[in-house]
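Student: I need the structure of the sequence given here:
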Amino acid sequence: MDSSGEALYDRLGGAYALAALTDRFVDIVMKDEALKANPAVELAHKRMPAAGLKYLFWELICMAVGGPTQYTGRPMSTTHAHLGITTVQWEAFAGDFKAVLNQFKVP
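Tutor: Okay, the predicted model is just below:
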């Protein structure tokens with residue numbers, strides 16, 4: 001909570017605003033050429049429908065900003081252990097998230 005007593009989840013607009021942000025973010029991630037260059041990541045994207053990925057990201061983001069949701073997916077270490085994600089790919093992913101935060105005017 002900030003000095004106003006309002007949780008970050010609420011200041012960001014709650015579930016619906018975070019769903020819009022998540023929707024845009026996953027659309028970008030699924031097309032990111034740096035991520036698609038990793039065959040294991042590309043295969044994982046093909047196995048997990050975008051809607052499922054969006055839901056899990058939404059849960060995770062909502063939980064991380066103090067919302068009422070709980071993340072129900074597998075632990076990140078388990079989910080990503082076999083993907084061999086490189087520093088370049090991680091930075092691309094983080095850059096995609098930062099770009100979406102900027103798009104939605106999240107400081």
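Student: next SSE downstream of the helix or strand of the chain with the lowest mean pLDDT?
Tutor: Using mean pLDDT, DSSP states H and E, helix 76-80 stands out as the lowest-scoring helix or strand of the chain, at a mean of 89. Scanning the chain past helix 76-80 towards its C-terminal end, the next helix or strand to appear is helix 87-103 (assignment: DSSP states H and E).
Student: buried residues, that next one. List them.
Tutor: Neighbour-count burial for helix 87-103, with 16 or more other Cβ atoms under 10 Å as criterion, is recorded at 89, 92-93, 96-97, 100. Any C-beta I mention is one placed from the backbone N, CA and C, and that applies to glycine too.
Student: just put these in a markdown table and tack on pLDDT and distance to Ala81.
Tutor: A markdown table is the format used below for the buried residues of helix 87-103 (pLDDT from 0 to 100; distance: Cβ to Cβ, whole Å):
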| residue | pLDDT | distance to Ala81 |
| --- | --- | --- |
| Gln89 | 95 | 15 |
| Ala92 | 96 | 19 |
| Phe93 | 96 | 16 |
| Asp96 | 97 | 21 |
| Phe97 | 97 | 21 |
| Val100 | 97 | 26 |
